[in-house]
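>>> Predicted model follows, preceded by the sequence.
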Amino acid sequence: MTDMLVTLENLGFLGVGFVLGVVGCALLVRITGAMAATRMKQVSDQALYQHANRFMEMADRYFKGYVREAKKDFSIQGQALRQTMDPVRQAMDQYETRLRAMEASRERTNGAVFEQLAQMGRVQHQLHLETGNLVKALRLPHVRGRWGEITLRKVAELAGMARYCDFQEQPVKGAGKGALRPDMVVTLPSNRRIVVDAKVPLMAYLDALEADNEEEKQARMADHARQVAVHINQLASKNYAAAFSPSPEFVVLFIPGENFFSAALSQQPTLIEQGVEKGVILATPTTLIALLKSVSYAWQQKEGIENAEKIRTAGMTLYRRLCAMAESMNRLGKDIDTCAASFNRAVNVMEKKVMLPARELECLGVASRKMPDISSIDPPDTGTRVFKERSDREK
């Protein structure tokens, strides 16, 4: 029994020892593994570090050579690229310079345009004010009348009346309440006259332009046409043709504006027919210039006829004087022939009666110089020409 207990205790101790050995071995293995791993790690890190250093040295040598070669290539290619791109760069520089100049010019131009626009705005504003003042002035009767008279005179001057035809402004016929004073009387050839009276029916026309709606505008335009018809009746009642005789059986009603006349005709298209029936011819600056140009042409024709008559008279006078001068020249030629014949007879007498004795004295040695011979005038060579009368066939 005792042996058995000893054996169990030994077995227990053996088991504990085995367990402790196993645990120790495990701990030793773990410690040895850890140490080996640490060592392996150190060895591997050292080897990796050495390989990395060698790789970096090799890479550094390789890349340094590559960089040197690349720098050489890049330098050569850079020079070639610069040479290739230099014209482009110069062109770009020129383009930039021109672009800056264009931009500066555009800014100056825009500034000038803005200044001109501002000036135009100021002028437009001033024109608006002046137009308003003109409209206010034209609403006054005496201003309208004076404007019509000035326009009528300008039309006459444009037609050349100051040079080719005579015209009078505001001549007076009669006295008292029945006196007539038209704005202009144009004198025609043969002392005939055309009476022109300027009328400016403007009040209703201006009111129509300032109307707020179409109905009011049409009403004012109709009133404007009515005012023109009233002026036609007034001129027809004055009977200018009888006062300024001789005169055509009509008087010219001058309206100093094409738009005034056309506005009246748009409302009353029969105004022209009404005026003609009453001996009143409606005229605007255009039509009056045509009428006065016709008068100017008539004056030119008259002046041409008068000048032709003067030329004819001067030619006849010159012809008579030339005939008288030709007769005088013929008489002078005859007198010259007679004088030459008398001279030749005197020379013959002197030659026979005087020169012969004188030459005898010369032969006797009395004179120290020789006496020249007296030459006679040969009638055929010195005969004068005569103006001959032409035969009927030559005439």
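Received it, and whenever you're ready, just let me know what you need.

>>> Just give me the neighbour total for Glu214.
8 (other Cβ atoms under 10 Å). Where C-beta positions appear, they are placed from N, C-alpha and C, glycine not excepted.

>>> Tell me the pLDDT of it.
You'll see Glu214 listed with a pLDDT of 84.

>>> ok, now Glu103?
Reading off the model, Glu103 has pLDDT 86.

>>> Could you do Ser296 as well?
Reading off the model, Ser296 has pLDDT 69.

>>> for Gly17, same thing?
On the pLDDT scale, Gly17 gets 69.

>>> same thing with Thr2?
48.

>>> same deal with the one 4 residues further on?
Looking at Val6, its pLDDT is 47.

>>> Please apply the same query to Asn330.
83.

>>> ok, it to Arg320 distance?
16 Å (Cβ to Cβ, to the nearest Å).

>>> These two - which one has more neighbours?
Under the neighbour definition other Cβ under 10 Å, Asn330 and Arg320 were set side by side, and Asn330 has more, 16 against 10.

>>> for the strand or helix carrying that one, packing partners?
Using DSSP states H and E, Asn330 sits in helix 285-350. Applying 3 or more Cβ pairs under 8 Å, 6 or more residues apart in numbering; DSSP states H and E, we find helix 285-350 packed against helix 141-158, helix 161-164, strand 184-188, strand 192-198, strand 251-254, helix 379-382.

>>> export the ones you listed to CSV and tack on mean pLDDT and mean neighbour count?
Shown next, in CSV, are these (pLDDT from 0 to 100; neighbours: other Cβ atoms under 10 Å):
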stretch, mean pLDDT, mean neighbour count
helix 141-158, 77, 16
helix 161-164, 60, 16
strand 184-188, 78, 20
strand 192-198, 81, 23
strand 251-254, 86, 24
helix 379-382, 51, 8
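
>>> Quick one: closest of the ones you listed to Glu351.
helix 379-382 (16.7 Å; Cβ to Cβ).

>>> May I ask you to confirm that Ser245 belongs to a strand?
No: Ser245 is assigned coil when assessed by DSSP: H, G, I helix; E, B strand; the rest coil, not a strand.

>>> So it versus Lys173, what's the distance?
10 Å.

>>> And the two? Which one has more around it.
It is Lys173, of Ser245 and Lys173, that has more neighbours when counted by other Cβ under 10 Å, with 15 against 9.

>>> residues contacting the more buried one?
The contact partners of Lys173, taken as Cβ atoms under 8 Å, 6 or more residues apart in numbering, are 179-181, 243-244.

>>> Pull out the buried members of the residues you listed.
The neighbour count (16 or more other Cβ atoms under 10 Å) marks 180, 243-244 as buried among those.
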